[in-house]
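Colleague: Whatever this is, show me its structure:
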Amino acid sequence: MQKTYITTMPDKAGAFLKANQIIAGHGGNIVRVSYNKAVDLHTLFLDVEADKKQLQKITQDLGDIGYLANENKIPQRVMLVEVRLLDVPGALTPVLELLQRHHINISYLNAQQSGTPYQHIRMGLYIEEPAVMKQLLDDMSAICDVKILEYSVTEKILDSTVFYIEFANEMRDILGLDRRQTNQFIIESNRIMQMLDGKDQAPFKSFDYIRRFARFIAGHRGSNYQPIISQRRMSPQVMGYIVEPPCGSNTYLLDDGKELLCIDGGFRCFLPELQPILESMIPGFSTRKKTVALTHGDIDHTGLLPIADRVLLSENCYRNFVLEREGKADYREQNPLHAPYCCLSKVITGYTPPELDRMEIIGRKLDGKTLSHIGALDFADLHFEVYEGNGGHVRGETVYVDTENRLMFSGDNWVNIKGFSEDQMAFNKLAPYLMTSVNMDSKEATACRKQLQKWAKGMFVCPGHGMWFEAAAK
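Modeller: Residues are numbered from 1 along each chain as shown. Below is the predicted model of the structure:
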């Protein structure tokens with residue numbers, strides 16, 4: 001078994017040695033360690049391999065020496081305040097006396113002369129009891145001007161010892177995370193930082209990108225979810241719709257007047273926003289039989305699965321969901337470069353593995369061709385041949401091609417970057433940075449895209465992301 005410990009250690013020689021002796025003494029093996037003093041002075045992450053009983057003893061002993069945070073204790077917050085005082089000797093004394101009287105600790109202090117009769121002094125104050133803090137601010141306001149400032153992570157000098165506390169609280173507030181989810185969020189964020197640090201990326205840049213990701217998802221909920229919607233006739237019997245969300249995959253709906261074939265479905269967290277839109281677009285949407293065909297199993301394509309009557313997918317894509325249901329690492333998470341981002345994405349979007357009982361396997365890839373024919377899919381007068389790639393983007397990737405009606409659904413094997421909206425462009429810059437690449441095998445991904453471009457001449461292409469388009473005939 002493997003467990004991640006978020007430890008808080010004293011900033012003195014021998015602190016890590018003490019933890020190492022406890023872990024080794026119980027037969028545990030440290031398989032990952034991450035510490036960056038520029039980010040946080042005390043927080044150290046340890047991944048330990050041991051059996052269940054050994055981990056229990058390690059946890060107990062680390063807790064006994066004060067290296068583990070109390071799981072039941074609400075993390076402290078730090079409030080950044082600025083006080084304006086006359087630039088005279090002893091002006092700060094009454095403020096410090098107030099802090100002592102209210103038992104408030106200072107995490108950060110910054111003051112310097114400004115060439116005016118006043119000094120503006122910034123202080124980071126630990127908040128343990130909001131009521132006490134309110135009384136402190138009231139008392140402080142009675143003796144000087146007080147301004148509450150927003151804690152900015154870009155000011156690294158504020159106090160490195162509280163970075164993870166503040167980051168955790170910020171993410172919990174934005175995303176509504178519980179304690180377990182918050183800890184997982186911090187662990188995966190640290191993994192990304194450690195990975196990118198090895199590529200000479202500034203540690204705080206990775207946290208900034210993670211923050212943008214979380215804020216982007218949270219900021220497009222409810223009335224802020226504004227997809228671009230277009231329609232065109234796909235065949236004599238079928239009308240087609242594309243829903244392009246601010247983030248996540250396109251959702252395609254093919255309507256023959258009786259049933260609906262949906263291809264991909266965006267992020268699951270946006271289903272409460274997407275479903276009413278689909279019901280207003282398509283008469284009888286909620287009562288019609290709905291089939292969802294997946295191009296692959298990435299979580300930003302699976303949002304419609306909870307309301308599908310059946311789900312069509314490749315065998316490899318199905319196996320990906322089986323791994324998730326068994327609590328094992330899925331295909332992307334088996335890649336060390338992709339795992340932290342994927343785990344983080346699941347926390348941010350509230351993802352849970354889909355049920356397997358409505359899934360039907362289209363076919364199985366049996367050879368190593370760039371694109372292998374694995375089966376067919378018929379809907380009204382549309383006839384799709386289904387092909388599976390070699391996992392350049394991700395294992396289980398599939399493409400749907402109707403030669404007669406000149407249609408291709410390419411998934412993420414071919415996306416229309418030029419067709420991105422402003423929101424899509426901003427969001428789609430995040431994953432390549434945090435994962436180092438959105439593809440599992442860039443060489444195979446390039447070969448697959450080139451093959452699709454040859455096939456698609458004169459076809460109408462429906463990509464995984466970006467507006468649909470007519471491919472050039474030559």
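Colleague: now the helices for the stretch 51-200 of the chain?
Modeller: All helices of the stretch 51-200 of the chain, identified by DSSP state H, counting those that start in this stretch, fall at 52-64, 93-101, 130-141, 163-175, 179-197.
Colleague: Neighbours of Glu333, how many?
Modeller: 18 (other Cβ atoms under 10 Å). Glycine gets a C-beta too; all of them are placed from N, C-alpha and C.
Colleague: which non-adjacent residue is nearest Ser230?
Modeller: Ile242 (5.1 Å; Cβ to Cβ, 6 or more residues apart in numbering).
Colleague: of all the helices of the stretch 51-200 of the chain, which lies closest to Asn36?
Modeller: Asn36 sits nearest to helix 179-197 of all the helices of the stretch 51-200 of the chain, at 6.9 Å, using Cβ to Cβ.
Colleague: contacting residues around that closest one?
Modeller: By Cβ atoms under 8 Å, 6 or more residues apart in numbering, the list of residues contacting helix 179-197 from outside reads 4, 6, 32, 34, 36, 39, 45, 71, 164, 167-168, 171-172, 175, 177, 203, 205-207, 210, 336-337, 339-341, 343-344, 347-348, 434, 436.
Colleague: between it and helix 163-175, how many degrees?
Modeller: With axes from the mean of the first three to the mean of the last three Cα atoms, to 10 degrees applied, the angle from helix 179-197 to helix 163-175 works out at 120 degrees.
Colleague: buried set for the helix or strand following helix 179-197?
Modeller: Per DSSP states H and E, helix 179-197 leads on to helix 203-219 as the next helix or strand towards the C-terminus. Neighbour-count burial for helix 203-219 flags 203-204, 206-207, 209-214, 216-218 (criterion: 16 or more other Cβ atoms under 10 Å).
Colleague: Which other helices and strands does helix 203-219 contact?
Modeller: Contact analysis of helix 203-219 by 3 or more Cβ pairs under 8 Å, 6 or more residues apart in numbering; DSSP states H and E lists helix 163-175, helix 179-197, helix 339-349, helix 422-427, helix 430-435 as its packing neighbours.
Colleague: Just the CA trace of the longest one, in CSV.
Modeller: What follows is helix 179-197, C-alpha atoms only, in CSV (Å, rounded to 0.1, in the frame of the first residue of the first chain):
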residue,chain,number,x,y,z
ARG,A,179,-11.5,17.9,4.1
ARG,A,180,-10.6,14.7,2.2
GLN,A,181,-10.9,16.5,-1.1
THR,A,182,-8.9,19.4,0.1
ASN,A,183,-6.0,17.2,1.2
GLN,A,184,-6.1,15.4,-2.1
PHE,A,185,-6.1,18.7,-4.0
ILE,A,186,-3.0,19.8,-2.1
ILE,A,187,-1.2,16.5,-2.7
GLU,A,188,-1.8,16.5,-6.4
SER,A,189,-0.9,20.2,-6.7
ASN,A,190,2.4,19.5,-5.0
ARG,A,191,3.0,16.6,-7.4
ILE,A,192,2.5,18.9,-10.4
MET,A,193,4.8,21.5,-8.8
GLN,A,194,7.5,18.9,-8.2
MET,A,195,7.2,17.6,-11.7
LEU,A,196,7.4,21.0,-13.3
ASP,A,197,10.2,22.1,-10.9
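Colleague: before we move on, the earlier item: adding mean pLDDT and distance to Ala13, write the helices of the stretch 51-200 of the chain out as TSV.
Modeller: As requested, the helices of the stretch 51-200 of the chain are arranged in TSV below (pLDDT from 0 to 100; distance: least, Cβ to Cβ, whole Å):
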stretch	mean pLDDT	distance to Ala13
helix 52-64	93	19
helix 93-101	89	31
helix 130-141	79	35
helix 163-175	81	22
helix 179-197	84	23
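Colleague: between those helices, which one is nearest to Leu304?
Modeller: For the helices of the stretch 51-200 of the chain, distance to Leu304 was read as Cβ to Cβ. The smallest value, 22.1 Å, belongs to helix 163-175.
Colleague: Pull out the buried positions in that closest one.
Modeller: For helix 163-175, by 16+ other Cβ under 10 Å, it's 163-172, 175.
Colleague: Run a quick check on Arg332 versus His338, I expect a contact.
Modeller: Yes: using Cβ atoms under 8 Å, Arg332 is in contact with His338, at 4.6 Å.
Colleague: Between these two, which contacts overlap?
Modeller: Listed as contacting both Arg332 and His338 by Cβ under 8 Å, 6+ apart are Met440.
Colleague: now the one helix or strand Ile22 maps to, how far from the chain's geometric center?
Modeller: Element membership for Ile22 (DSSP H and E) is helix 15-25. Taking Cα atoms, centre = their mean, to the nearest Å, one finds helix 15-25 lying 33 Å from the centre of the chain it belongs to.
Colleague: So what are the sheet partners of the next helix or strand after that helix and their directions?
Modeller: For helix 15-25, the succeeding helix or strand toward the C-terminus, using DSSP H and E, is strand 29-34. Using DSSP bridges, strand 29-34 pairs in its sheet with strand 43-49 (antiparallel).
Colleague: Torsion angles phi and psi at Ser358?
Modeller: Wrong residue type there; residue 358 is Arg, not Ser. Note on Arg358: its backbone torsions stand at phi -100, psi 10 [degrees, to the nearest 10].
Colleague: May I have the phi/psi pair for the closest residue to it other than its chain neighbours?
Modeller: In this structure, Arg358 finds its nearest non-sequential neighbour in Arg310, 5.1 Å apart by Cβ to Cβ, 6+ apart. With angles defined as degrees, to the nearest 10, Arg310 sits at phi -150, psi 160.
Colleague: Arg310 contacts Ile361, doesn't it?
Modeller: No: using Cβ under 8 Å, Arg310 is not in contact with Ile361, being 11.3 Å away.
Colleague: Neighbour count for the two, which is higher?
Modeller: Neighbours were counted for Arg310 and for Ile361 using other Cβ under 10 Å; Ile361 has more, 16 against 13.
Colleague: domain assignment for this structure?
Modeller: 2-64, 77-149, 163-219, 227-470 (automatic domain parsing).
Colleague: Mind telling me which of those domains the model trusts least?
Modeller: Among the domains of the chain, domain 77-149 has the lowest mean pLDDT, at a mean of 80.
Colleague: What sits closest to the most centrally placed residue in the chain if chain neighbours are left out?
Modeller: Nearest to the geometric centre of the chain sits Ser345, at 2.5 Å (Cα atoms, centre = their mean). Among residues not flanking Ser345 along the chain, Ile299 sits closest, at 6.0 Å (Cβ to Cβ, 6+ apart).
Colleague: Count the neighbours of the one you found for me.
Modeller: Residues lying near Ile299 (other Cβ under 10 Å) number 24.
Colleague: How about the contacts made by it?
Modeller: With Cβ under 8 Å, 6+ apart, Ile299 has these contacts: 267-268, 342, 345-346, 349, 351.
Colleague: Look up how far Asp264 lies from it.
Modeller: 11 Å (Cβ to Cβ, to the nearest Å).
Colleague: Pretty sure Gln231 sits against Tyr252.
Modeller: No: with contact defined as Cβ under 8 Å, Gln231 does not count as touching Tyr252 (10.6 Å).
Colleague: Nearest to Gly90, out of the buried residues of helix 203-219: which one, please.
Modeller: Nearest to Gly90 among these, counting by Cβ to Cβ, is Phe204 at 37.0 Å.
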